[in-house]
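Novice: turn this into a structure:
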Amino acid sequence: MSSSSQPSSEEDDGLEAAVDQAISACGGDTRATIRALIVANEYLESEVSELMKAVSRAYARGRFKAYSG
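Specialist: Presented below is the predicted three-dimensional model:
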């Protein structure tokens, strides 16, 4: 086996553990788990949108300088 496949396996194990934890948190109901994940995703998307707006306003006010390389 190559060493590059090991991190992938560890990531898969972590992902599987997260999946099991999410399903367990919803009492084993996979539909409830999917519903909860969709709600959480929508919340995070709205947070990202708000943060992007805040950064844009700060950039427009000169609080951030453009990266010139």
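Novice: how far off centre is the helix ranked longest in the chain?
Specialist: Counting by DSSP state H, the longest helix found in the chain is helix 30-60. Helix 30-60 sits 9 Å away from the centroid of its parent chain (Cα atoms, centre = their mean, to the nearest Å).
Novice: give me the helices and strands touching it, please.
Specialist: For helix 30-60, the elements it packs on are helix 5-25, judged by 3 or more Cβ pairs under 8 Å, 6 or more residues apart in numbering; DSSP states H and E. From N, CA and C alone the C-beta is placed, and that goes for glycine too.
Novice: for the helix it packs on, list the C-alpha coordinates in CSV.
Specialist: This file holds the C-alpha atoms of helix 5-25, laid out as CSV (Å, rounded to 0.1, in the frame of the first residue of the first chain):
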residue,chain,number,x,y,z
SER,A,5,-3.9,5.9,0.7
GLN,A,6,-3.6,6.0,4.5
PRO,A,7,-4.8,9.6,5.0
SER,A,8,-7.8,8.8,2.8
SER,A,9,-8.7,5.9,5.0
GLU,A,10,-8.3,8.0,8.1
GLU,A,11,-10.5,10.7,6.5
ASP,A,12,-13.1,8.0,5.6
ASP,A,13,-13.1,6.7,9.2
GLY,A,14,-13.6,10.2,10.5
LEU,A,15,-16.4,10.8,8.0
GLU,A,16,-18.1,7.5,8.9
ALA,A,17,-17.9,8.3,12.6
ALA,A,18,-19.5,11.7,11.9
VAL,A,19,-22.3,10.1,9.9
ASP,A,20,-22.9,7.6,12.7
GLN,A,21,-22.9,10.4,15.2
ALA,A,22,-25.4,12.5,13.2
ILE,A,23,-27.8,9.5,12.8
SER,A,24,-27.5,8.7,16.4
ALA,A,25,-28.3,12.3,17.4
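Novice: can you check what angle separates it from helix 30-60?
Specialist: 110 degrees (axes from the mean of the first three to the mean of the last three Cα atoms, to 10 degrees).
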